[in-house]
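S.K.: Provided below are the primary sequence and the corresponding predicted coordinates.
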Amino acid sequence: MIISASRRCDIPAFYSEWFISRIKEGCVYVRNPFNSHQISRVPLSADVVDCIVFWTKNASPLINKLDILDDRGYCYYFLWTINLYEIDLEPQLPPEKQLIESFKLLSRRIGRQRVILRYDPIIINKKYTLAYHISQFEKLLSQLYGYTSTCIISFVDIYDKLSRSAKEAIGPAIDDEIKFALAQELSNVAKKYHIALQTCAEEIDLSALGILHGACIDKNLIEKLLGCSLDMHNAKGQRKLCGCTESIDIGSYDCCMHLCSYCYANASLDKVRNNVKKHDSSAPLLIGNIGPNDRIYDAGAKPLKNRQTSIFDTHI
């Protein structure tokens, strides 16, 4: 079983105490976002969890707790997003220098193969121009040279559920010609710093630039980290072009306090504020508690490792 922590909110940045308490308890409860009275009980013991994939914009609060995961034998890696936007799009992030130093600290702690940089979403408008992205990407990779081996890029998706103000801040959709032109420049920068570029859920073919379709929850990477093959399938319920493998997400929507303008996981500031008040770091649910009308179901999770098949026997 792969645990995703989490596409829905930044658990390392805001809920690391809760996450570690769940690790110690050996299970977590997850409310179905489409059926609020249906709750899954997900086991978290190391003999069931094959790998934990952390999604974050600031892993600092979790770094000093990683010994707890290591002592229990968990496999894990981080997807760390750094965009270097200004406060109009990312109003609540720590200062850039602090994020860069924390990224380096984590890389030194667990190795650069396990800290994957995400430059996502790429927004292009009158303020955040092609020249802006080329300059900022060069600046970012020059500081992280030697601290990561992979960068995943993705162009912004303008979802209907985004507010009018968010859509105005993001600007228009990006056509393929502009995507290709920017990708070519980003590819040149990445090659300079020996960092492999991949795309996330993008239809555009950038293989001519050496940029392949990638996967954030990456079966190949997880198999390499574990040293064995996994019996698993592609993720269901994700975007059409998502290359991720199956996982169980343990996060909740409407509770990420970064408050990024482009975020699809927060419906409104009021919902975030209300949900944050309901958080209890010792509770089995990330947000709120179990109610009288709730029904709890076992997730039926099981380990996916195929111990009889070494990765050296497969074509990975």
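M.R.: Thanks, I have the structure now.
S.K.: go ahead and flag the most central residue of this protein.
M.R.: In the chain, the centroid-proximal residue (Cα atoms, centre = their mean) is Trp55; its distance is 2.7 Å.
S.K.: direction included, what does the helix or strand harbouring that residue pair against?
M.R.: Using DSSP states H and E, the element containing Trp55 is strand 51-56. Strand pairing for strand 51-56, determined by DSSP bridges: strand 2-5 (parallel), strand 76-81 (parallel).
S.K.: can you lay out those strands as CSV showing mean neighbour count?
M.R.: C-betas here are computed from N, CA, C, even on glycine. As requested, the strands paired with strand 51-56 are exported to CSV (neighbours: other Cβ atoms under 10 Å):
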stretch, mean neighbour count
strand 2-5, 25
strand 76-81, 22
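S.K.: of the ones you listed, which is nearest Asp254?
M.R.: Proximity to Asp254, assessed across those by Cβ to Cβ, is greatest for strand 2-5 (16.8 Å).
S.K.: three-state assignment of the spatially closest residue to Ala190 that is not a sequence neighbour?
M.R.: Counting by Cβ to Cβ, 6 or more residues apart in numbering, Leu197 is the residue found nearest to Ala190 once chain neighbours are left out, at 4.7 Å. Secondary structure, DSSP: H, G, I helix; E, B strand; the rest coil: Leu197 is strand.
S.K.: doesn't Cys151 make contact with Leu197?
M.R.: Yes. In this structure, Leu197 is within contact of Cys151 by Cβ atoms under 8 Å, at 5.5 Å.
S.K.: who touches both of those two?
M.R.: Ala190 (Cβ atoms under 8 Å, 6 or more residues apart in numbering).
S.K.: just to revisit the earlier point, dump the strands paired with strand 51-56 to TSV, plus mean pLDDT and distance to Lys224.
M.R.: Output for the strands paired with strand 51-56, formatted as TSV (pLDDT from 0 to 100; distance: least, Cβ to Cβ, whole Å):
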stretch	mean pLDDT	distance to Lys224
strand 2-5	97	14
strand 76-81	98	10
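S.K.: how about JSON lines for the ones you listed, with distance to Ser40 added?
M.R.: Compiled in JSON lines, the strands paired with strand 51-56 are given as follows (distance: least, Cβ to Cβ, whole Å):
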{"stretch": "strand 2-5", "distance to Ser40": "12"}
{"stretch": "strand 76-81", "distance to Ser40": "21"}
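S.K.: closest one to Leu285 among these?
M.R.: Closest among the strands paired with strand 51-56, using Cβ to Cβ: strand 2-5, at 14.3 Å.
S.K.: then that closest one to PDB, C-alphas only?
M.R.: Only the C-alpha atoms of strand 2-5 are listed here, as PDB (Å, rounded to 0.1, in the frame of the first residue of the first chain):
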ATOM      1  CA  ILE A   2       1.300   3.500  -0.900                       C
ATOM      2  CA  ILE A   3       0.300   6.400   1.300                       C
ATOM      3  CA  SER A   4      -0.100   9.800  -0.300                       C
ATOM      4  CA  ALA A   5       0.300  12.600   2.300                       C
END
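S.K.: any chance you could map the strands in this protein?
M.R.: 2-5, 27-32, 35-43, 51-56, 76-81, 115-122, 150-155, 196-199, 212-213, 228-230, 248-249, 295-298, 305-310 (DSSP state E).
S.K.: can you say which of the ones you listed is nearest to Asp205?
M.R.: For Asp205, the closest of these is strand 212-213, at 8.3 Å, according to Cβ to Cβ.
S.K.: helices or strands up against the closest one?
M.R.: strand 196-199 (3 or more Cβ pairs under 8 Å, 6 or more residues apart in numbering; DSSP states H and E).
S.K.: what residues sit buried inside the strand it packs on?
M.R.: Neighbour counts over strand 196-199 (16 or more other Cβ atoms under 10 Å) mark 196-199 as buried.
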